[in-house]
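Colleague: make a model of this:
(one chain, ligands or ions: 2)
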Amino acid sequence: MRADSWAFQSDNSASRVMERTGGRLACSTVGLWLGLLLLCSWGFPGSAEPRAPPENIAIIGAGIGGTSAAYYLRQKFGNDVKIDVFEKGEVGGRLATVTMQGQEYESGGSVIHPLNLHMKRFVKDLGLSAVQSPSGLVGVYNGETLVYEESSWFIINMIKLIWHYGFQSLRMHMWVEDILDKFMRIYRYQSHDYAFSSVEKLLHSLGGDDYLGLFNRSLIETLQKAGFSEKFLDEIITPVMRVNYGQTMNINGFVGAVSMSCTDPGLWAVKGGNKLVCSRLLQASKSNLISGSVMSIEEKTRTKQTGNPTKVYEAVYQTGSETHSAFYDIVLVATPLNRKMSNITFLNFDPPIEEFHQYYEPLVTTLIKGQLNSTVFTSRALDEFDLSTVLTTDNPDLFINSIGFVSSVEESNNNPQPKADRSHVWKIFSAEPLTKEQILKLFVSYDYAVKRSWLAYPHYMPPEKCPSIILHDRLYYLNGMEVAASAMEMSAVAGYNAALLAYHRWNGHTHMIDQEDLYEKLKTEL
Ligand SMILES: Cc1cc2nc3c(=O)[nH]c(=O)nc-3n(C[C@H](O)[C@H](O)[C@H](O)COP(=O)(O)OP(=O)(O)OC[C@H]3O[C@@H](n4cnc5c(N)ncnc54)[C@H](O)[C@@H]3O)c2cc1C
Ligand SMILES: CC(C)=CCC/C(C)=C/CC/C(C)=C/CSC[C@H](N)C(=O)O
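Modeller: Numbering: from 1, shown residues only. Ligands and ions are numbered 1, 2, ... in the order given. Coordinates of the predicted model:
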């Protein structure tokens, strides 16, 4: 049998070919063939002629996901590609502020974890600065009484926690720390340019089957199995899930851990408002912002100046009353597609682009400047009420998820105290808009109230499948990541991943996608 006929068989490893041919010359010829074949199919960086970059890229959505994708796409593809970012509302999306008496307050995404390294890097690289988030005393109300109240004395707090819940609080912190430690691996993977084609593969790369298992099981199932008591789960964990995700412990274990990490010290925010990160990312990426709503995407064949027919996507969009269209080599969708939340129609795809039926949780943020009626929560005298946040247990009679006092986006306030007249700005999260009666029940008096309604986060219902990141050949979707956990940093991770994925797929770098055992492989890298 001739050596070259072997070279094209499926398991044609060089050593087997060598054994069978026996000759050194034949072996090197076959090796050369094999090498060339591999180079063509894998496109090793730096070896073959690189493919010309795409001409036009569209990103739909100028939230933190879309703008971080723009930033990383520019880094990967260079200055020649034109990047259009479509935004139908405000740059920032769910990072937004409301203005009260000339001061701005975060009404959407507000706190950032000290280990959220992408957000940290953005703030540094974009010339922004950080402010510490307020960290006052927290209490938990069950509809009748405060079942737990923090003390300003660290040692008293410890004794109280151990008295009420044994060492469960400590165990919980260790559990969250372990999950965060593994999450940090993503920064290493991304700094080495590795990308993932699905959220499940990304999660698996962080900590294997156990890590993916967290996402597939409910938080309550995971914590009950780990031996946490009903009392601890009802009085501590549920209230944290309610303030952060407006949901119960039926959410998946991964988002549960992300939510618990918000009890860590050192939370921060961007001075001037978190949304500034998005506008600065847009600027830094030299993208073209189009204030309009994308209505449809359709694949078309177009003959470019070179004369070659090329597949592109046509985006039809509306600005005011006008309808326009433009063609793109690559499209990134950086907004939830669930239940037509973004009203984008994918025309004539075969097979059709999947529909996402999971709904987003309605949530209302109300900001009120006024004097709290502390007797709602405790019978103690008003001047003895020193809590800055009240969380709630899962009681259907309660009309709020939480209430806490907040600082404006300009103030750095590590340990806020109620003002002398005890009037302050409070942020309330509730599932429905508050009625005037409800506000009057919570406040002795108030000057000002503003509300903002959101479809805030996915309604978590494990086990569930994350939507594909690759919707079509060069059409990518970022917000499937929210099914694992919704947070600014998660969207930044998704934005970076989609940029890397689009870049590697454009250039045929398949070896940079879905690599297994990355953690082990990168252990030895500096
Ligand atoms: C009340 C609230 C509190 C939160 N608190 C925190 C927190 O403290 N910490 C934290 O880390 N996270 C928090 N989050 C979550 C965080 O804000 C989100 O996970 C994150 O901002 C999502 O960013 P995104 O870019 O993926 O999506 P979005 O911010 O939703 O961006 C999508 C953008 O796409 C635009 N768009 C939609 N359809 C179209 C279309 N057809 N054409 C053009 N544009 C379109 C939208 O207008 C929007 O601006 C909070 C969220 C809410 C709602
Ligand atoms: C992604 C990782 C590892 C950590 C992110 C932790 C984090 C900051 C999660 C945000 C959770 C969330 C959606 C909070 C909403 S409410 C926030 C705050 N309590 C407020 O009062 O606004």
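
Colleague: what are the phi and psi values for the closest residue to Asn252 other than its chain neighbours?
Modeller: Nearest residue to Asn252, sequence neighbours excluded (C-beta to C-beta, 6 or more residues apart in numbering): Pro462, at 4.1 Å. The way it works is simple: take the backbone N, C-alpha and C, and place the C-beta from them, glycine included. Torsion angles at Pro462 (phi, psi; degrees, to the nearest 10) stand at phi -70, psi 150.

Colleague: neighbours of Pro462, just the number please.
Modeller: Neighbour count of Pro462, defined by other C-beta atoms under 10 Å: 20.

Colleague: Asp397 contacts Gly143, doesn't it?
Modeller: Yes: the criterion here is C-beta atoms under 8 Å, and Asp397 meets it with Gly143 at 5.3 Å.

Colleague: same drill for those two, tell me which one is more crowded.
Modeller: Gly143 (12 against 7).

Colleague: state the helix or strand in which Ala498 lies.
Modeller: Element membership for Ala498 (DSSP states H and E) is helix 488-507.

Colleague: next SSE after that helix?
Modeller: Sequence-wise, the next helix or strand downstream of helix 488-507 (DSSP H and E) is helix 518-523.

Colleague: contacts for that next one?
Modeller: Here helix 518-523 makes contact (C-beta atoms under 8 Å, 6 or more residues apart in numbering) with Arg185, Arg188, Tyr189, His192, Tyr194, Ser205, Leu206, Gln515.

Colleague: residues contacting the helix or strand containing Val277, please?
Modeller: Assigned by DSSP H and E, Val277 belongs to helix 276-284. Residues from elsewhere that reach helix 276-284 (C-beta under 8 Å, 6+ apart): 62-64, 67-68, 70-71, 74, 85, 91-93, 95, 119, 122-123, 125-128, 270, 289.

Colleague: buried residues of that helix, list them for me.
Modeller: Under the neighbour-count criterion of 16 or more other C-beta atoms under 10 Å, helix 276-284 has Leu276, Val277, Cys278, Ser279, Arg280, Leu281, Leu282, Ala284 buried.

Colleague: Throw those into JSON lines and include pLDDT and distance to Leu434, thanks.
Modeller: Below are the buried residues of helix 276-284 laid out as JSON lines (pLDDT from 0 to 100; distance: C-beta to C-beta, whole Å):
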{"residue": "Leu276", "pLDDT": "98", "distance to Leu434": "29"}
{"residue": "Val277", "pLDDT": "99", "distance to Leu434": "30"}
{"residue": "Cys278", "pLDDT": "99", "distance to Leu434": "29"}
{"residue": "Ser279", "pLDDT": "98", "distance to Leu434": "31"}
{"residue": "Arg280", "pLDDT": "98", "distance to Leu434": "34"}
{"residue": "Leu281", "pLDDT": "98", "distance to Leu434": "34"}
{"residue": "Leu282", "pLDDT": "98", "distance to Leu434": "34"}
{"residue": "Ala284", "pLDDT": "98", "distance to Leu434": "39"}
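
Colleague: quick one, what contacts Val483?
Modeller: Val483 makes contact with Val199, Gln358, Pro458, Tyr460, Glu464, Lys465, Cys466, Pro467, according to C-beta under 8 Å, 6+ apart.
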